[in-house]
Structures are given as structure tokens and as C-alpha cells.
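J.: Generate coordinates for the sequence data below:
(chains A, B, C and D, ligands or ions: 4)
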Amino acid sequence: MTELRYIDAIRSALDEALTADPTVCLLGEDISMGGPFGATKGLADVHGESRVRNTPISEATIMGLAIGAAMAGRRPVLEIMFMDFMTLAMDQLVNHAAKLRYMSGGQNHVPLTVRVQGGAAGGMGAHHSQSLEAWFTHVPGLTVVAPSNAADAKGLLTAAIRSDDPVIFLEHRGLYWAKGDVPDGDHLVPIGRAAIARPGRDATVVAWSRMVGTALAAADLLAAEGIEVEVVDARSLLPLDLETLVASVARTGRLVVASEAVMTGGFGAEIAASVGAAAAARLRAPIERVGAPFVPVPAGSDLEILFIPSAERIVEAVRRTLADSPGVATPGDPATEP
Amino acid sequence: MTELRYIDAIRSALDEALTADPTVCLLGEDISMGGPFGATKGLADVHGESRVRNTPISEATIMGLAIGAAMAGRRPVLEIMFMDFMTLAMDQLVNHAAKLRYMSGGQNHVPLTVRVQGGAAGGMGAHHSQSLEAWFTHVPGLTVVAPSNAADAKGLLTAAIRSDDPVIFLEHRGLYWAKGDVPDGDHLVPIGRAAIARPGRDATVVAWSRMVGTALAAADLLAAEGIEVEVVDARSLLPLDLETLVASVARTGRLVVASEAVMTGGFGAEIAASVGAAAAARLRAPIERVGAPFVPVPAGSDLEILFIPSAERIVEAVRRTLADSPGVATPGDPATEP
Amino acid sequence: MTDGVHLPVADAIDADVGRALLERMWLIRAFEEKASELYAKGKIRGLLHLGIGQEGSAVGAISRLAPGDRVFGGHRAHAHALAKGADPVRLLAELAGRTTGYCGGKGGSMHIAAPEVGFATATGVVAGNLPLALGDAWAATLERSDRIAVAFFGDGAGQAGSFHETLNIASLWRLPMVFVCENNGYAEFTPLSAHTKVERLADYAGVYGMPASTVDGNDVFAVHAAMGEAVARARAGGGPTFVEALTYRLRGHYEGDPAKYRELSELADWKQKDPIARFATALAERRLVDDATGVALATQARARVDAAADEALTGPIPSVEDLLRDVVAAR
Amino acid sequence: MTDGVHLPVADAIDADVGRALLERMWLIRAFEEKASELYAKGKIRGLLHLGIGQEGSAVGAISRLAPGDRVFGGHRAHAHALAKGADPVRLLAELAGRTTGYCGGKGGSMHIAAPEVGFATATGVVAGNLPLALGDAWAATLERSDRIAVAFFGDGAGQAGSFHETLNIASLWRLPMVFVCENNGYAEFTPLSAHTKVERLADYAGVYGMPASTVDGNDVFAVHAAMGEAVARARAGGGPTFVEALTYRLRGHYEGDPAKYRELSELADWKQKDPIARFATALAERRLVDDATGVALATQARARVDAAADEALTGPIPSVEDLLRDVVAAR
Ligand SMILES: Cc1ncc(C[n+]2csc(CCOP(=O)(O)OP(=O)(O)O)c2C)c(N)n1
Ligand SMILES: Cc1ncc(C[n+]2csc(CCOP(=O)(O)OP(=O)(O)O)c2C)c(N)n1
Ligand SMILES: [Mg+2]
Ligand SMILES: [Mg+2]
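T.: Residues are numbered from 1 along each chain as shown, chains lettered A, B, ... in the order given. Ligands and ions are numbered 1, 2, ... in the order given. Purely as a prediction, here's the structure:
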């Protein structure tokens, strides 16, 4: 184990992939200088500027460029600098990367990884802060992962690069400097499996990316009152590990889904709908969703703090699931647990 | 009342808006020649080519052009030829149209209507058939409507054009030639209100756009067995008329949400999650979702038929909600109804 | 009939090459006429964009390509796929939505893919293929291969952002790519002059210092010559070239389009410039392929396509299992 | 101090105009230095892109605009907003996230809007403002107004699709628009030569037959002259013009950028070409504004900005109610 910052874990995965597989190549704006946050710092020096390739500010075309290279057998890792700029590349991503395998009846495939950071952090405002995972999870052909910690960042990025399908690798800017233990050597986290970030018996909170930390903070607050929350880190949004989610809810009987994106139309709705259907018989309270209010991300840092869903809001939601359970005895009382 | 085809109802709304309000103007590819389906046929002759303006194939920029004109006080109605091409215009739509009011603290606003047709019809394949309403409903600042019939097409388009916010007006190509009675004279359907397309007591089916017709067909099939389905046409997806939906579910105790889009991550999830939370106490069975399988839209017409959710699938889903109600007696038995 | 699917690659059009190209042009023409007939009968559905009248640029350009070179087409790409060597049976089966089609019926006319013969993909999104071809060309440099990428697109793509972004990167990185613009004067129902003040799309190349030429796209010899230079340059590491081929579609934008937006006299003029008849005449004048052979090639092509259609339409209709397949790699 | 927020519009830079422009340049410089200071102190957060060293193009160009003309800026737009007449107090309050800011603290440095003085909006998306300005110019023609739209953008925008799409439509429709490209040689950390083979972005205009010029952006007289022609043409219905102003940013891309990607000698060279010092010298040489006045203007500007900052920082911090406001019209 080595303690690494999330961003360094990402760089480490890129570095190792470039070393291990000659077909891996990196593309993106300013990446040979490390990019604005340093995720690719030094990689051009080691692996050469032809494999760590700076591009012009042409998001639509560099997405297509990466797809075209992937169709030809490369494993490009494209960096889109901010999630908000994915809006410029949706045609290539959705109409081409996601569909080329299907439209060709399996003749083509697109082993592409798109790294993109997002989220509200640092008061960057409405053009540099969105969380758009819900769009990507609605697109057949894509894979979507959103690590919450350094180890998963490395392991999922490694898996993404090795995947034969286009993977959207969602980084959170607010996690870049968070440290965590990362296993040494080849570290691969399989896509499609959630992780129990903290076990608990009274209620399940599902989160991903930065909200996992917020959920853990909420769990700490509730633990002080004797309420034991199970925090499930979804990690892989598409495919979603419904099995692990349902198993947790079967144990706890209560579910809160917490995401940083605006709640309406968010991926939390998909989780609520699918767990609601699959675990209906085990749910002892309505599913609660926590998400950002339905507004663009404001620039001012004070407003931004108000925008980002807080641990307190998760705490309240968990409390509602516990209060709102007709005919269910005191949570935490083993006698009444399933 | 006059019987009109859905597409003619659209043209009639455009024609009347152009006549009534000199700030209304139309923009889009080939629209002065009527566009590929004829929605704008003849309008350039009547209102002039400067107000019914053909544009080059530059989706990103014509979206921004329409936004810029709207900021300056015009009421542009932009046609994007196929919903799949909205992918090219998402930056302007999402980062600009939707956010300019907020980012400016209310100084700017964008009275823009975007008309766009979509859906799977006619075997046009993966680049001309998507249903992407779920993306738009996740964007604060937008309004999203999806009429299922000629009268609503006219009334909602009129409302959209008069709205001071950007409205995505979702047309379904498969409905263009469907006839319906349209009120004569100024006809406005307020945004934000669902409609009961067919009343019923046993189960609620919520749908929008072409799926309303499919839901009505399912209701007919079930009526033959004595099961009375209430079909609610959501019409306005953002804002959603949750009140009407919840009231219906409070009466029936069962909900099926049917959409043509792929189910995963679709707007049906939002409805399921929000009605599931708001009507939890009245639900007597898990909410069922019906949507397309998680695949791109295939081109071959035989595959396309298999792709589009059928009335039979809705029938089965309704049956599941009726079977799956522990402790609830035969549906349709007034004694057991709430 | 020439053996093999690849067109012969040669610097000059001699008798053998001329015959092979003429034969392929007739095959394409017969294929598209058959597609039109099957569309009218409801055996092919969806949007069908025919390139009848544009065979010259497709065959003239692609006859310069090696088997390993990769072509990226658009919504009007039957000609390019067939020129690159696609099997008419599998292509017709694809148009008809059969499991035996190249894409199992999932792609249809607008989204052809036949990568085994170097037709990488088509796209239904105008200008969507340009960035893909760019990426393919970049991949070729990473592979240190001498293969090249070719994108075919229409005049309508010239107003799309991706076209410009692609030109920039191709020139900047000196990629082995050829831009073939088939300027047929219309995008759907709108003439080029209503979409841009730029008369020659090749002018854009100049800004980047990219070599460019505008040729008569209905003259196979002219296209063959221009493309020869372009391909040689790309293969030698000299970077991209822009070839604009002026041509005309003799049918509507898609089957069912009455094309009222253009003068009948214009259509009649262009019928006189039919690239197949012109090529046949030129070959006869040069004493490379005589008239009788030309006529025989046409007849054979029609027979071949008739047989192809019969075979294609025996292909199975896809099932629900087929519907659900090929979305992602088996996990 | 000149009264009123609008810069005087004049064909020639006489003593009054010269003084007003110099004053505004010093105001902008002082404003940005203050912003930098407040950023270092944590009073302003977020991404802060300063245009120190680029005041010449902003003031030279905008001094040609009438109050009703509308300006669309990018991520580095303080200078353009202030040149168009924005109130430094409300602008600083906006940067500091206060309810008294133009946008109530929701926009911040990258998304300034001050439509009341004709600064329509800025955008954080490179090239995102070009289509908006295009639409504004189109609206002006529909209104039969003689107002014009001006978009300011950097060299980095020249490789973005929207830039090209906008040039095409502006020229095609002959819209009353001016493209002002502030070519400072870098996009973030990358020099222009690594992003395109095109050395002068104004070359793009030529393809469309659009009048264009490349001027020394640090020479207010040159920008003023080029912009004068452009504005007159647009206002007279003569269509769009492209003005490329060569300039340099003396700070990093954003506050906090150590700008290691450029040579110190390059920076030193450009410091010699500081547009404010050059303009002051030129005004003195032409005996329009003497040195002492120039120095006094600088001092006054600093004092004014100090006071503006004090006032701005008394503005209230927004509440949850503010957070939830202004998403859509009250329904
Ligand atoms: C991005 C996009 N916008 C619009 C369309 C609809 N459309 C299909 S073909 C076409 C015209 C294309 O013209 P051109 O590029 O000249 O090719 P041609 O049809 O003449 O071969 C249009 C607008 C599309 N397919 N893609
Ligand atoms: C579409 C988009 N891509 C990337 C970025 C990140 N970014 C911010 S400024 C910038 C460079 C812009 O360079 P230029 O246009 O020359 O303006 P300058 O910063 O030099 O004023 C980049 C890449 C962005 N804001 N928008
Ligand atoms: Mg054309
Ligand atoms: Mg720059």
C-alpha cells in the first residue's frame, strides 16, 4: 500500500498503462504540460509527446479523433477538461462511440476511455461545475464509473483502459487532493461492482464520487446517536451493481440515494426506481433522494456551499426513513431487524 | 373544433404566432422549403424569408444564434431536424440558454422555443431515432413539453412560444400524420399540467408523446378483461404536474410509467422516484416501468418494431401491479378500492 | 468480370484498369437502381440516399487506395462501400434489414460498415465521419503504418464545425488523410449558395497551407489523377490533401424527394454529364474498352445485382436476441 | 474624471477622448490589480483570468461603440465590461460573490453580464459567445435597428467549430457584427503554433470575402482606427468585419498560474510594449495629454478602485433564497 492523492493515483494508472501497453495513448488540451490540475504531469516527458498528445480546443473533434483511433485498435484516453465541455462532444460520444459497435453489428468496437472532471468545487461557476453522469447512464453502449477514493481511481481507470467499450471515467475535482491508500503493483477494480464503504444495519445510503465522503460524514453523525448507516459506494454507475444495492436494502429496509447532481432527473432517480422495484418487499420506508437543488451551479463560493448537498441533509433524509416506517419499531433494535 | 394532423397543428401554431407577434421568428435547416416533413411548409411565403430563416448545417451555432436573438428580445422558434442532432447543440442549449438567466442574476432571459422531432419511426436507425427527453429534464432553466395529440401540439407550442424561458418542444415523427380535433381560435395549453387521457380506477399508466397512444391501446386491451386503467398524459415533463400524477395514484394504488426512451436512466425513473416518494402510503404495488431495451435504435424496420415498447408490454406491467399487491383483493372490486 | 473485390491500383488507367473501374461503376449504378426498386416495393425501408450520378468520384478516388486504407463515408455511401470492395449481397441484405447484412440489419443504408474491406464506417450525422477519419489517420502514424484514411463528405458538411476542426488538426499534425468533398451543389433542398459564400470548399485548405484541388467529379480520369497525388503525399508522410469533386445527384435527396427545388433544365444538363457514360466514351475513344464491352459490363452488372437481390432477400429477419446483441462486449 | 460611464465615441482621438481612454485603461488596470490582491487574500475565489497587458484592444475597440451596441465577452472579460461602462463597484462585488454584484454573485468573474450598459454576457466556454453575438446581430436586423454586436475572443477560440460556423453565417447573412480576436499567442499553457498552422486568425475571414485586418493590439490608435472602419461598415449594412489584435497577457493564464511555459525574455519584451504606457507616451508626444495628467489619472484610478473595493466588500453574502432565485421566470 502507498498513500497517494486521488489525482496521483490517476496519474499512476495512466503511467502504468502507457508503460504496459503500447496501444495506450493520451489526448487532451494542455495535457503534455500536465493539464490545469496536473493529472498528466510529467507523462509526456516519459512517454513522448506523440503518445501524450496536446490538442487544440476542439472538443467535438478530439472526441471523434479518439474514437477513430480506438476503432483502429488504439486504446486512447481522452481528457475533457471540464464536464461542462462534454456538451460540445455529445454527438461523437453518443452517436458514434456508444453506437458504432451496435450499428455495425459488432464489426467495430471502441476501446476508448474519456477522463473528465466535474463537480462543484472552488467557486468556478455554472460553466465549470456540472455533474452530468445522468446523461451518460442513459446511453446504451457506454460504461460509466465514478470513483470516490484514490484506490478506486487507480483500479477503475486501469479497468476502463482495458475495457473494449467506451468508458466515461468521472473524476471529482474536489477529491483531487484527498489522500488514500492504494495497493501497490497492478491494481484493477472490476467495473460493475459496488463497494460497502461502511457497514451498518439501520439504513442504506448509496452514493458515488465525492458524495461518498459526505455520506460517511453523515454516518458518523448518526452513529453518535446510535443509528448505524450502511454506506454503499456505487462506483460503477453503468453497469450498476443492483445486486449489492438490493442486498443492502434487504438488510436495512431503508434507502437514501445521495448525489451531487441536481436531484431532478438525476441518476439517483434510476437507483430509486430500480431498487424500489427490486427490493419492494423489503423496504420499510419510502426511498429518499438527496441531491442539489434544481438550479445551475452558482459561481460565488458562499452560494456554492449552499448548493452542494451536505452531510446534514443526508442525516435528515436518513431520519425521515426511520421515522416514516409505519409499524416498525425503534431502529437499531435487533429484535425488529429482518 | 377542426380536425388536424399533428404536424398541421404545429404549423398552425407557428403561423398564428408569426401573425400575432412580430418578434416571433423561425430558424432551421431547410425550413423555408418546409423541412423534411413539411412542418413549416408555406410559412416563408406568407411571413417572408427573413422571419422564416434557413440556416446552414451548423447545429451548435444556430442554437446559439437563436439564443442570442432571444436575449435581444426576439421569440425565435428553432427547428433541430432530428433529436439525435441535439447532441451537437448541447453546449449552447445547456450552458447558455438554460443558464443565462441564472448566471446573470435575472438580468438576461431567453424566450426561445426549440422544436425537435424524435422517436423511432420509419426505420431511420440510430442517428435519427433517439428519445432524449431525460437529458433535458435534468437541466435547470429548461422547460420540456412532449405533446401526444394535435390539440396539445398546438396549445403547448403556443404556450412555449409565449414563455419567457427556453422550452424544448418534443415532437414525435410517428405522430405527425395522426389526426385530432383542435379547438378553433387562440388555443393555449398551460405548461405544467398533465391530462387524464382516460379515466380508470384500477391502475394508473403515465405516458407522454407517442406512448400515450400505446397506453390507451393497452387500456383497451385491459378493459376487455374488466380492468380499468387510468391513462395520464404527462405532457409537460419539466415542470412535471406531480399533483395530478399523485392524485391518480392515490385513487388507483398502482403505477406504470411508460416511455419510448430506453428505460435505464430515463425520465420514467424520475416519475417513479418522485411519485414513489410522494404517494408511498397509497401505493399498493411496486411501481413498474416500461421502456425500450437498453440498446441503440436499430435501423432495420423489423428490429425497430421489436425495439419500440408495445401495448402488450404495458398490459403485462399493469397485470404485474395488480398481481403483486400483497393483501389486496381483486382489482376492480369496489369493496377493496380506497 | 474482374476477380476480387479490390479495384486495381495503378498510376494510369490502362485497358484492364479502365474495364475494372467501368465495371464497378455499373455495379454501383445497378445496385442503387435495384435499391430504389426495392424501396418502392417496401422491401427496403428507412431513409435511402442514392448517389446515382456521383459514381465518378467514388470510383475514381477509391481506385487509388490500397486494401489496408480505410474509408469513412456519410449518409450517401453505397458507392464508396462498393468501390472499396463491399459485397453487394451483404450490402443489399443490410439495406433490407436482414441478419445476413454486414451489420445484421442494425445499420441500414446510412450506417454501413464493412471494415473487412476497409470501409470503416458511415455515419448519418453530417460531418460526423471527419473526426473519425482523423483519428484513424492518427492511429496509422502511431502504428507506423503507411496506410491512410479517407473521408468522403458533401458540400453541406463544409458549414459544420467538425469539418473545420478536423482540417486544422489534420494539417497541424500532418496526418495521412485525404478529404474528398463531393460537392453536388445541394444539401437536402438547399443550394450551396444559400449555405455559404464560399464557392469552392477547397479554398478552406489554403488557410492551412494544405494542398488542394477542385476537379470535375464526373470525370474519372480527373479524380483518379488528383487522388493519385493526394494518396501518394499522404502515404509518403506529406500530410493531408483536399480534393473537391464537383458532381451532381441525379435523384432526389432521398428516395421520395420530388426535388422540386431545382430546375429540370439543370437536371437535364447534368444527365448529359453522367459519369458512367462519359467514362465509357472516354475509354472507347482511348481505345481501352470498346463500346460493346461497356454495354456488356452494364448488362452483367445488372444481372449480378438481380442475383444479389434475390440472395439478399432470402436472409433471415432479425429476432429479439439479435436486437439485444452487440451493445457492449460480452461482460 | 470624465463624467458618465460611456466612453466618448469619436473618429479621431483628440485631447478629451485621449484622456477618457487613458483614464479607462488605468481604471481597468487598477481594477484587475485589485482583483489580484483580493484573490490572494481569499476575498475573491474561483477562477480569475486577468487581462493585464491587453487593455489596449478592449478600450481601443469599445471606444468605437455606441451605448446601444452589444458586447459579448469570454472568460477574460473584465476589461471589456469596464470599457463598455460597467460599474467597478458592482463588478468587484460580483467577483466577490455578493448580492450587490451585477449577477448577485451567481456569475462571478467568468460569466459577467451588465446588459444595462450593453455588455450582454460573457461565457466560460471558449468560443461560446460567438453564436450569441451572431444572434444578437441577427436580431438587430429584424428590429431594423442600426445597433451592432461585437464578440471578443482569444486565439484559442480559432480552433473551435463554433468560431467557423459563426464566421460563415455572419458573412452569408451580412450581419452587423464585428469579430475582435485578441490574439495573445497562448491558449492556457500552449502557444498558438501548437494549436494551428494558421498564424493570423484574420486569414479565415478572407475565405468568406469578409474584410479583415491584423493590428498591433497594444496600440490604441491602431485598434481605434481598425475598429472605426469595422463599426462603420456594420452599422451601414456592409456586414461583418474581422479585427485581429495582437497582444499579450502579462500575467499567467489565471491567477495562480506560474506561467513556466514561456520565456522570461518574452515577458520582458512585452512589458516594454505595455499598452497603457505606450498610449500615455503617444498622447504626450502628440501633446494631447501631458505626462503629469497621465500620472494623475493612474493615481485617481487606483483611488477609485480602492474605494470601489471597500464598497463592494460591504455587499451582503447571498442566502438560500438567492440560491433558488432566477432559474426560470416566476410561474
Ligand atoms: C448534423 C446533421 N444535421 C442535419 C442532417 C440532415 N441532413 C441529412 S443529409 C443533409 C444534407 C447534406 O448535404 P451534403 O453534405 O451536401 O451531402 P449530400 O446529401 O448532398 O450528399 C442534411 C441536412 C444530418 N444528417 N446531420
Ligand atoms: C470549450 C472550452 N474548452 C476548454 C476550456 C478551458 N480553457 C479556458 S481558457 C482556455 C484558453 C483560451 O485561450 P484563448 O482563447 O486564446 O484566450 P486567452 O485565455 O488567451 O485570453 C481554455 C482552453 C474552456 N473554457 N472552454
Ligand atoms: Mg451536397
Ligand atoms: Mg490566447
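J.: Report how many residues lie close to residue A:189.
T.: 22 (other C-beta atoms under 10 Å in any protein chain shown). To be clear about C-beta, it is placed using only N, CA and C from the backbone, and glycine gets the same treatment.
J.: what separates the residue lying closest to it once chain neighbours are set aside from residue A:42, distance-wise?
T.: Nearest non-adjacent residue to residue A:189, counting by C-beta to C-beta, 6 or more residues apart in numbering or on different chains: residue A:155, 3.0 Å away. From residue A:155 across to residue A:42, the span is 21 Å (C-beta to C-beta, to the nearest Å).
J.: Next: residue A:141.
T.: Using C-beta to C-beta, residue A:141 is found at 33 Å from residue A:42.
J.: my guess is the residue nearest to residue A:189 meets residue A:187, correct?
T.: Yes: using C-beta atoms under 8 Å, residue A:155 is in contact with residue A:187, at 4.8 Å.
J.: show me what contacts residue C:204?
T.: C:158, C:163-164, C:167, C:198, C:242, D:207 (C-beta atoms under 8 Å, 6 or more residues apart in numbering or on different chains).
J.: Now do the contacts for the residue at minimal distance from the centre of chain C.
T.: Using C-alpha atoms, centre = their mean, the residue of chain C that lies closest to the mean C-alpha position is residue C:80, 2.6 Å off. By C-beta under 8 Å, 6+ apart, residue C:80 lies in contact with C:58, C:62, C:71, C:73, C:119, C:122, C:152.
J.: Could you do residue C:229 as well?
T.: Taking C-beta under 8 Å, 6+ apart, we find residue C:229 in contact with C:211, C:213, C:241.
J.: Low-confidence regions, the stretch 201-331 of chain C specifically.
T.: C:331 (pLDDT under 70).
J.: Helices along that one, start to end?
T.: With DSSP state H, counting those that start in this stretch as the criterion, the stretch 201-331 of chain C has helices at C:203-207, C:220-235, C:264-272, C:275-285, C:291-312, C:320-324.
J.: what do you get for the stretch 101-250 of chain A?
T.: A:133-136, A:150-162, A:210-223, A:242-252.
J.: Residue A:155 and residue A:42: which is more packed in?
T.: residue A:155 (24 against 13).
J.: any idea how far chain D is from the more buried one?
T.: Residue A:155 sits 30 Å away from chain D, going by C-beta to the nearest C-beta, to the nearest Å.
J.: contacting residues for that residue?
T.: Residue A:155 makes contacts with A:13, A:147, A:183, A:187-189, as judged by C-beta under 8 Å, 6+ apart.
J.: at 7 Å what do you get?
T.: A:187-189 (C-beta atoms under 7 Å, 6 or more residues apart in numbering or on different chains).
J.: Residue C:138 now?
T.: Contact partners of residue C:138, counting by C-beta under 7 Å, 6+ apart, are A:65, A:69, C:173, C:175.
J.: The third one: what's its closest spatial neighbour, skipping adjacent residues?
T.: Computed as C-beta to C-beta, 6+ apart, the closest residue to residue C:173 that is not its neighbour in sequence is residue C:138, at 6.7 Å.
J.: Over to that neighbour. Which of the three states is it?
T.: Classification of residue C:138 by DSSP: H, G, I helix; E, B strand; the rest coil places it in helix.
J.: of the contacts of residue A:155, closest to ligand 1?
T.: Nearest to ligand 1 among the contacts of residue A:155: residue A:189, at 37.5 Å, using C-beta to the nearest ligand atom.
J.: Contact partners for the closest one?
T.: Neighbouring residues of residue A:189 by C-beta under 7 Å, 6+ apart: A:152, A:155-156, A:159.
J.: would you list these in JSON lines and tack on pLDDT?
T.: Converted to JSON lines, the contacts of residue A:189 look like this (pLDDT from 0 to 100):
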{"residue": "A:152", "pLDDT": "98"}
{"residue": "A:155", "pLDDT": "98"}
{"residue": "A:156", "pLDDT": "98"}
{"residue": "A:159", "pLDDT": "98"}
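J.: what would those look like in CSV with distance to ligand 2?
T.: Output for the contacts of residue A:189, formatted as CSV (distance: C-beta to the nearest ligand atom, whole Å):
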residue, distance to ligand 2
A:152, 27
A:155, 28
A:156, 25
A:159, 27
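J.: picking that back up, so which of the contacts of residue C:138 is the most crowded?
T.: Scoring the contacts of residue C:138 on neighbours with other C-beta under 10 Å, the highest-scoring entry is residue A:65 at 33 neighbours.
J.: May I have the phi/psi pair for that one?
T.: When read as degrees, to the nearest 10, the backbone of residue A:65 gives phi -60, psi -50.
J.: What sits closest to it if chain neighbours are left out?
T.: Using C-beta to C-beta, 6+ apart and skipping the chain neighbours, the partner closest in space to residue A:65 is residue C:135 (4.1 Å).
J.: list the contacts for the one you found?
T.: Under the criterion of C-beta under 7 Å, 6+ apart, the contact list for residue C:135 reads A:64-69.
J.: In which helix or strand does it reside?
T.: If you go by DSSP states H and E, residue C:135 is part of helix C:129-143.
J.: ok, residue A:201 - how many residues close by?
T.: There are 18 residues near residue A:201, going by other C-beta under 10 Å.
J.: Surely it and residue A:251 touch.
T.: Yes: using C-beta atoms under 7 Å, residue A:201 is in contact with residue A:251, at 6.4 Å.
J.: For ligand 1, see how far away the nearest residue to residue A:314 once chain neighbours are set aside is.
T.: Spatially, and ignoring its direct neighbours in sequence, residue A:314 is nearest to residue A:218 (3.7 Å; C-beta to C-beta, 6+ apart). To ligand 1, residue A:218 is 45 Å away according to C-beta to the nearest ligand atom, to the nearest Å.
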